[in-house]
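Colleague: Starting from these lines, generate the structure:
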Amino acid sequence: MNTYKIMWQNFKSSKRSLYSLYIFISLFTVSLFSEMISNDKPIIMSINNEIYYPYVIEYIESDFGGELETTPDYKGYFIGNLLKTENNWAIFPINPHSYNSINFNNAKPNPAPPSYDNLLGTDDRGRDVLARLIYGFRLSVIFALALTAIGIVIGLFFGAVQGYFAGRIDLYLQRFIEIWGSMPELYILIIFASIFEPSILLLILLLSLFGWISLSDYVRAEFLKGRNMDYVNAARTLGLTDFQIIVKHILPNSLISVVTFLPFRISGAILILTSLDFLGLGVPSTTPSLGELLSQGKDNISAWWLSLTTFFVLVGTLILLIFIGEGIRESISGKSS
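Modeller: Below you'll find the model as predicted:
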């Protein structure tokens with residue numbers, strides 16, 4: 001633990017990296033509550049002195065005195081007239097648009113430029129760009145964290161087994177990894193995308209099959225170096241099992257290399273998802289995605305707000321992660337800036 005405490009102290013000495021970490025965590029935490037920030041449903045509303053919570057509970061129009069047994073349009077004609085009645089009120093989120101809600105009242109053709117109703121404009125289907133950026137950022141980070149976590153677990157397992165046991169086990173697994181890593185990942189994605197319906201879970205599953213290979217090489221090297229250390233030999237002499245030695249003694253020292261590459265792996269995963277969505281091989285078009293917005297910007301050159309806003313969100317996120325990664329590297333080397 002002393003090693004990680006020293007690393008944290010060194011990391012805090014780099015103000016740029018520390019502020020980047022705080023900003024990134026803050027933005028991601030806020031994005032987890034996207035439904036309360038950007039949604040076309042009221043957080044709370046009062047109709048005829050009765051309190052409703054559309055954000056939490058699904059209602060139908062007949063619950064408010066209407067004739068239809070369908071989900072009401074809270075910004076439509078019926079609910080709008082009810083809210084104009086005295087003592088009826090509703091509190092909407094800061095941005096009263098969801099990522100899939102379409103603005104039918106826009107006077108200009110889609111994609112429409114920024115306006116009072118749509119602060120960052122709409123896309124080619126009339127959906128609010130700001131809402132899709134908020135939800136798209138959250139999806140990208142969650143995807144990157146999930147892909148990174150799975151890659152770390154698999155990479156640690158293979159690297160630890162190879163490095164600790166060495167010999168034939170290392171030889172056979174290394175040949176397997178070389179063959180597995182030589183498979184055309186992009187072609188496999190294209191094949192599966194044509195067979196199965198695209199989804200975020202399918203992407204995580206497919207990319208996890210290859211995302212652990214580079215990490216396992218670093219973990220393997222650390223275990224090969226640590227397996228013959230004096231403290232490991234002492235642990236063997238005391239009768240500890242191989243599992244206990246791996247988990248309690250060698251693994252904690254090997255995690256430094258994992259921590260070093262963590263921000264860069266997250267940024268790489270975000271770029272992968274954005275690229276696949278841009279090419280149409282990622283999540284469905286109804287799912288909010290930074291890559292899908294960039295693709296729309298390419299198809300609608302005059303709609304500058306599509307590309308420009310997405311560019312700032314994507315580049316800003318990657319810059320924060322790069323600064324965090326640089327701070328971790330400097331903290332390990334004992335330097336500070």
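
Colleague: where along the stretch 151-300 of the chain do the helices fall?
Modeller: Shown for the stretch 151-300 of the chain, the helices assigned by DSSP state H, counting those that start in this stretch span residues 167-181, 185-195, 200-208, 213-226, 230-237, 242-245, 251-279, 290-299.

Colleague: gap between the first one and the chain center?
Modeller: Spelled out, that is helix 167-181. Here the centre of mass of C-alpha atoms in helix 167-181, compared against the chain's by CA atoms, centre = their mean, to the nearest Å, lies 31 Å away.

Colleague: for that helix, packing partners?
Modeller: If contacts are counted by 3 or more CB pairs under 8 Å, 6 or more residues apart in numbering; DSSP states H and E, helix 167-181 sits against helix 129-165, helix 213-226. Heads up, the C-betas are built off the backbone N, CA and C, glycines and all.

Colleague: how about those helices, which one is nearest residue 243?
Modeller: Proximity to residue 243, assessed across the helices and strands packed on helix 167-181 by CB to CB, is greatest for helix 129-165 (9.9 Å).

Colleague: returning to that earlier point: tell me which of the helices of the stretch 151-300 of the chain sits nearest to residue 77.
Modeller: helix 290-299 (29.5 Å).

Colleague: export that closest one as PDB, just CAs?
Modeller: Taking Å, rounded to 0.1, in the frame of the first residue of the first chain, the C-alpha atoms of helix 290-299 are listed here in PDB:
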ATOM      1  CA  LEU A 290     -20.700  10.300 -30.800                       C
ATOM      2  CA  GLY A 291     -19.700   8.400 -33.900                       C
ATOM      3  CA  GLU A 292     -23.200   8.500 -35.400                       C
ATOM      4  CA  LEU A 293     -23.300  12.300 -34.900                       C
ATOM      5  CA  LEU A 294     -19.900  12.600 -36.700                       C
ATOM      6  CA  SER A 295     -21.300  10.500 -39.500                       C
ATOM      7  CA  GLN A 296     -24.300  12.800 -39.800                       C
ATOM      8  CA  GLY A 297     -21.900  15.800 -39.800                       C
ATOM      9  CA  LYS A 298     -20.100  14.200 -42.800                       C
ATOM     10  CA  ASP A 299     -23.300  13.700 -44.700                       C
END
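
Colleague: what residues does it touch?
Modeller: 111, 123-124, 129, 132-133, 136-137, 140, 273-280, 282-283, 285, 303-304, 306-311, 313-314 (CB atoms under 8 Å, 6 or more residues apart in numbering).

Colleague: need the next SSE after that helix, C-terminal direction.
Modeller: Using DSSP states H and E, the helix or strand that follows helix 290-299 towards the C-terminus is helix 304-333.

Colleague: now residue 121: how far from residue 30?
Modeller: Relative to residue 30, residue 121 is positioned 22 Å away (criterion: CB to CB, to the nearest Å).

Colleague: rewinding a little: mind checking the helices of the stretch 151-300 of the chain for the one nearest to residue 83?
Modeller: Of all the helices of the stretch 151-300 of the chain, the one in closest proximity to residue 83, counting by CB to CB, is helix 290-299 (31.6 Å).

Colleague: Now do that closest one against helix 129-165, angle only.
Modeller: Relative orientation of helix 290-299 with respect to helix 129-165: 130 degrees, computed using axes from the mean of the first three to the mean of the last three CA atoms, to 10 degrees.

Colleague: Return the set of buried residues in helix 290-299.
Modeller: With burial defined by 16 or more other CB atoms under 10 Å, the residues of helix 290-299 counted as buried are 290-297.

Colleague: now stretch 7-20
Modeller: Applying a neighbour-count criterion of 16+ other CB under 10 Å, the buried positions in stretch 7-20 are 7, 10-11, 14, 17-18, 20.

Colleague: With secondary structure and pLDDT added, can I get those in TSV?
Modeller: Compiled in TSV, those are given as follows (DSSP: H, G, I helix; E, B strand; the rest coil; pLDDT from 0 to 100):
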residue	secondary structure	pLDDT
7	helix	78
10	helix	82
11	helix	86
14	coil	86
17	helix	91
18	helix	92
20	helix	94
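
Colleague: From residue 61, how far off is residue 49?
Modeller: When CB to CB is the yardstick, residue 49 and residue 61 sit 19 Å from each other.

Colleague: So residue 97 sits against residue 126, correct?
Modeller: No - under the criterion of CB atoms under 8 Å, residue 97 lies out of contact with residue 126, with a separation of 10.2 Å.

Colleague: overlap in contacts of the two?
Modeller: Joint contacts of residue 97 and residue 126 (CB under 8 Å, 6+ apart) are residue 103.

Colleague: Can you name the residues that contact residue 227?
Modeller: Shown in contact with residue 227 (CB under 8 Å, 6+ apart): 163-164, 166, 250.

Colleague: Now list the buried members of those residues.
Modeller: Buried positions within those, assessed by neighbour count (16+ other CB under 10 Å), are 163-164, 250.

Colleague: Which one of the helices of the stretch 151-300 of the chain lies nearest to residue 318?
Modeller: Of these, the one closest to residue 318 (CB to CB) turns out to be helix 251-279, at 5.1 Å.

Colleague: For the closest one, name the packing helices and strands.
Modeller: Here helix 251-279 is seen to pack against helix 2-13, helix 129-165, helix 200-208, helix 213-226, helix 290-299, helix 304-333 when contacts are counted using 3+ CB pairs under 8 Å, 6+ apart.

Colleague: Next, name the residue at the spatial heart of the chain.
Modeller: Within the chain, one residue has its C-alpha closest to the average C-alpha position: by CA atoms, centre = their mean, that is residue 141, at 1.7 Å.
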